[in-house]
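Novice: below is the sequence, then the predicted model.
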Amino acid sequence: MDITIGVQNLPRELVIESDQTADEVTAAVTEALNGKPVLELVDNRGRRVIVPSASIGYVEIGTESKGRVGFGAI
C-alpha cells in the first residue's frame, strides 16, 4: 500500500510503500495526532520512517489491492 505524508514547510511529500494494513496505518496516524510525539511507520523494506507529529500536514492512505495487469473486462 502506498502512503503519502505531507509535511509542513517542506515542498515535497514523503511517499512510503508499506506492507502494513490500512487499519494499522490509520491507528498510528490517529495516535500521532492525539498526542503521541511522532508518527512511526515501517516500509516494505523494513526501514522506519519517523515524522514529528507537529509537522504532519496530511496523510493519504492508498488502497490495499494490487493493480491488475493484462487485457480483460473492466
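Specialist: All right, it came through fine.

Novice: in stretch 33-53, what counts as buried?
Specialist: Applying a neighbour-count criterion of 16 or more other CB atoms under 10 Å, one finds Leu39, Leu41, Val51 buried in stretch 33-53. Using the backbone N, CA and C atoms, a C-beta is placed for each residue, glycine as well.

Novice: return the residues in contact with the first one.
Specialist: Shown in contact with Leu39 (CB atoms under 8 Å, 6 or more residues apart in numbering): Ile5, Ala28, Val29, Ala32, Ile50, Val51, Pro52, Ser53, Ile56, Val59.

Novice: secondary structure element for the first one, which one?
Specialist: Okay, so that is Ile5. Taking DSSP states H and E as the definition, Ile5 sits inside strand 2-7.

Novice: partner strands of that strand, parallel or antiparallel?
Specialist: Partners of strand 2-7 in the sheet, by DSSP bridges, are strand 13-17 (antiparallel), strand 56-61 (antiparallel).

Novice: now what about that strand, what contacts it?
Specialist: 13-18, 25, 39, 41, 49, 51, 55-62.

Novice: buried ones only from those, please, as a PyMOL command.
Specialist: Selection of buried members from the contacts of strand 2-7 for PyMOL, criterion 16+ other CB under 10 Å:
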select buried, resi 16+18+25+39+41+51+56+59+61
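
Novice: what bits of the protein have low per-residue confidence?
Specialist: 65-68, 70, 72-74 (pLDDT under 70).

Novice: quick check: the gap between the spatially most central residue of the chain and Asn9.
Specialist: Nearest to the geometric centre of the chain sits Ile3, at 2.9 Å (CA atoms, centre = their mean). Taking CB to CB, to the nearest Å as the measure, Ile3 falls 20 Å from Asn9.

Novice: still on that earlier bit, gap between the closest residue to the residue nearest to the centre of the chain other than its chain neighbours and Gly35?
Specialist: The shortest distance from Ile3 to any non-neighbouring residue, by CB to CB, 6 or more residues apart in numbering, is to Ile16 (4.6 Å). Distance of Ile16 to Gly35, given as CB to CB: 22 Å.
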